[in-house]
Structure formats: C-alpha cells, structure tokens
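Chemist: 3D, please:
(one chain, ligands or ions: 1)
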Amino acid sequence: MATTPSNKMRPTPHLPPNLPSLVATAFSRSVATKTVNFYPTSVTLLTINSIPFQLRYSPSLASKPKPPSVTTPKLFFNPFASPTQEMLITPFGTSPPSHNLVLNKFAVVPEHFILSTSAFKPQTHLLEADDLAAAYACIDAYARHNKELFVFFNSGDHSGASQPHRHLQLLPVENMKEGLEGEWDVLAKGLTDPNTRGKLPFEVFARDIEGLGGDGEELRRVYLELYNQACEAVLGVAEDIKHEGEAQISYNLAMTNNTMAVVPRLTEGGVVRDKDGQEVGNLALNGTVLAGTALVRSEMEWNALREDPDQVNQVLGRIGVPNRAKM
Ligand code: AMP
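Modeler: Modelled structure (predicted):
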C-alpha cells in the first residue's frame, strides 16, 4: 500500500529545471494537434479606482462545456483523473507523485497550465501543505528563468470553480501581458499594500510570502491565517473555523513569488447591460480577478463593458464582502 510521508518528513518538491520550456513545448504541440483550444483574445485596459485592470474577450470560450453542476452528473468526465500523455506536462512530488502538471484544455493565455492532485481530492476542501509547496515550486522554477507565474485557486459555489477534482491554475505573467498597450501588472503583487487594498470594492486579505516555499508548512500557516480572516469577514467573529476538510466559505486564492492573497466570495458576478439598459450578459469572475483581469465571452458584453467600465467596478463590488477600508 502506498504510504504518505508525514508532514514533518515531507521533502521540498523538485521539478524539472527546464519547466518553462517543457510547458511551452507541450502547449505548442497540443495547440498544433488541436488537443488544446487556444484562440487569440482581444484585450483592453480599463482603470478601476486608479488600478489598471485588463478586460479580455475570448469568443472561443463561449463553446466551452458547462460545469458538471449544470450538466447531467452521469456524463461528467474528470479531466484530471488520468490525464492523457498529450495533456500531461509532468507528474511531480514525492514518490508516488502527489501532483500532475497538465495543460489547460481551454487556455485563456498561451501556456495556461494546471497543477492537479494525482489522486482525487475535493476542490472544496482546504488546501494541504503539499499543494501549496507544489505551487510555490512551480513559481520558483519559473523565477530561476527570470519568469513570473501567477497561481490561482477557485473553491466553492461562488468562486468561479467548475471542476470538482482539486487543482490550482498557473499563468505565465509575460503571456498575460500579450497584446496590452499600457502599464499593467498582476494586482496580487501589490495587495500587501493597504493603499492598494483600500482601492478595491471588495475585502481581500494578503501577506508577504517571499522565500516561504520549502515543504509548504509555512505557506499553509499563512494560508490559514488569511482563510480565517476571510471566514470572519463572511461569517462574523467565528470561533469554530475548521482547518481541515470542507471550506466554510467560497473563496479565491492567489499566489505570486512574493504574495499570497485570499478573497472571500459571495457571488460569481453580475449582469452586464448595454447603453440602453438592456441586459446583454453576465460577467463571471474567478481567481484571475486577483491578477486584475476579467474575461468575457460575448461581443455584446465586450462592447458594453468598454463603453461603460464602471459596470466592472459595480460587479467587483458584488462579488465579495464590501470593503470597509475603501478610500
Ligand atoms: P475551475 O473552473 O477553477 O474549476 O478550473 C477548471 C479548469 O479546467 C478550467 O480552466 C478549464 O478550462 C479546465 N478544463 C476543463 N476541461 C479540461 C480538460 N478536459 N483538460 C484540461 N483542462 C480542462
């Protein structure tokens, strides 16, 4: 029977040193064979309370399958249960490998990839130290090539999550900047600054994590601290916040080389209206909101939001707990 090393004995996960080129090669090969769907997106820069925010339009995502909760559960296919050779970038972690790196079939930017647990674990359960260590090892592997990764995690009904098998998503930051004219950077990187947090319409909790990778125990302590703050923001002063098993709230987590951030979520998004007040769609946000990005799937939404960017601000005001510190 496979044994799981105890937390104290868990070694730092090692990844292939050439991870960025491994991801790039796997991505190009799978786009060429149409195993991965990637169509260039249109992008524009909006300013939300003086924060540069990017809006991306990807018509191809309109054909993305609906999550299992709205389809027949019997037909549900788990893409992370046993990834095909074409989708698998590399297994990794202690032996037997605890995690897989796989391509995202519906890439929003080139080389969008996923860190999933090898064995099924619920997406709605709290992350474990080895999940966080694995994510930080990916960030580190990119940093060694002077490249940045943005990691995000969606958990719970209001978080924008769609797959029940535990996974975090990873986006190369230089690819997130593709096509952008103007200054933009990953929002999460600045969230340890209370002035930046104060500009957001929703509450977000953030801490500096630079150099905390290792076996993930330190990262988990920070994660639980932020999770506690998020729970208290939603549930009030909560004495009974559990640190194992099912999470008590919906939330998104973001990680960069220097920052971990958690935003408690109350709704997935809000309606989008054209200039005549007609409803033209719905802006749904997941953890990429902590990068300072939003993605739309229809041309009508894209046009309406560019004409009236304040609608993005209004939706941001609804997705979480209203920010008491907002300036
Ligand atoms: P989430 O919506 O946070 O649960 O993330 C699930 C991710 O899995 C989405 O970004 C999807 O694009 C991606 N995805 C869906 N189906 C597949 C698949 N067959 N192979 C790889 N990734 C997939």
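Chemist: Measure how buried the closest residue to R273 other than its chain neighbours is and give me the count.
Modeler: Nearest residue to R273 in three dimensions, chain neighbours excluded: E279, at 5.6 Å (C-beta to C-beta, 6 or more residues apart in numbering). For every residue, glycine as well, the C-beta is placed using N, CA and C. Using other C-beta atoms under 10 Å, E279 is surrounded by 11 other residues.
Chemist: now E279: how far from the ligand?
Modeler: Applying C-beta to the nearest ligand atom, to the nearest Å, the value for E279 to the ligand is 24 Å.
Chemist: hang on, that residue packs against S298?
Modeler: No: at 11.7 Å, E279 does not count as touching S298 under the criterion of C-beta atoms under 8 Å.
Chemist: ok, how many other residues are close to G198?
Modeler: Residues contacting G198 under the criterion other C-beta under 10 Å number 13.
Chemist: Double-check it against N323; I have them as touching.
Modeler: Yes: counting by C-beta under 8 Å, N323 is a contact partner of G198 at 7.2 Å.
Chemist: What segments of this protein are helices?
Modeler: 19-32, 129-143, 173-176, 194-198, 217-235, 299-307, 310-319 (DSSP state H).
Chemist: nearest residue to the spatially most central residue of the chain other than its sequence neighbours?
Modeler: For the chain, the residue nearest the mean C-alpha position is F152 (2.4 Å; C-alpha atoms, centre = their mean). Closest residue in space to F152, ignoring its immediate chain neighbours: G287 at 3.0 Å, by C-beta to C-beta, 6+ apart.
Chemist: next one: R207
Modeler: Spatial nearest neighbour of R207, chain neighbours left out: V222 (5.0 Å); criterion: C-beta to C-beta, 6+ apart.
Chemist: residues in contact with the one you found?
Modeler: Contact partners of V222, counting by C-beta atoms under 8 Å, 6 or more residues apart in numbering, are R207, I209, L212, M260.
Chemist: and the gap between it and H158?
Modeler: Using C-beta to C-beta, to the nearest Å, V222 is found at 23 Å from H158.
Chemist: same deal with T256?
Modeler: Distance from T256 to H158, by C-beta to C-beta: 23 Å.
Chemist: Also T288?
Modeler: When distance is defined by C-beta to C-beta, T288 is 15 Å away from H158.
Chemist: what number of residues lie near the residue nearest to F152?
Modeler: So G287, with other C-beta under 10 Å, has 29 neighbours.
Chemist: ok, now G245?
Modeler: 10.
Chemist: right, and it touches L126 too?
Modeler: Yes: under the criterion of C-beta under 8 Å, G245 makes contact with L126 at 6.8 Å.
Chemist: how long is stretch 271-291 from one end to the other?
Modeler: End-to-end distance of stretch 271-291 (C-alpha to C-alpha, to the nearest Å): 21 Å.
Chemist: ok so, going back, of T256 and H158, who's got more company?
Modeler: T256 (27 against 20).
Chemist: State the pLDDT value of that one.
Modeler: T256 is assigned a pLDDT of 98 by the prediction.
Chemist: Correct me if wrong: the residue nearest to F152 contacts H167.
Modeler: No: the criterion here is C-beta under 8 Å, and G287 misses it with H167 at 11.4 Å.
Chemist: Common neighbours of the two, please.
Modeler: When contacts are counted by C-beta under 8 Å, 6+ apart, G287 and H167 are jointly contacted by F153.
Chemist: picking up where we left off before, would you mind trimming the contacts of V222 to those in range of the ligand?
Modeler: Checked against the ligand using C-beta under 6 Å from any ligand atom, those yield no neighbours at all.
Chemist: Can I get these in TSV including distance to P20 and neighbour count?
Modeler: Putting the contacts of V222 into TSV (distance: C-beta to C-beta, whole Å; neighbours: other C-beta atoms under 10 Å) gives the following:
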residue	distance to P20	neighbour count
R207	26	19
I209	21	22
L212	22	19
M260	22	26
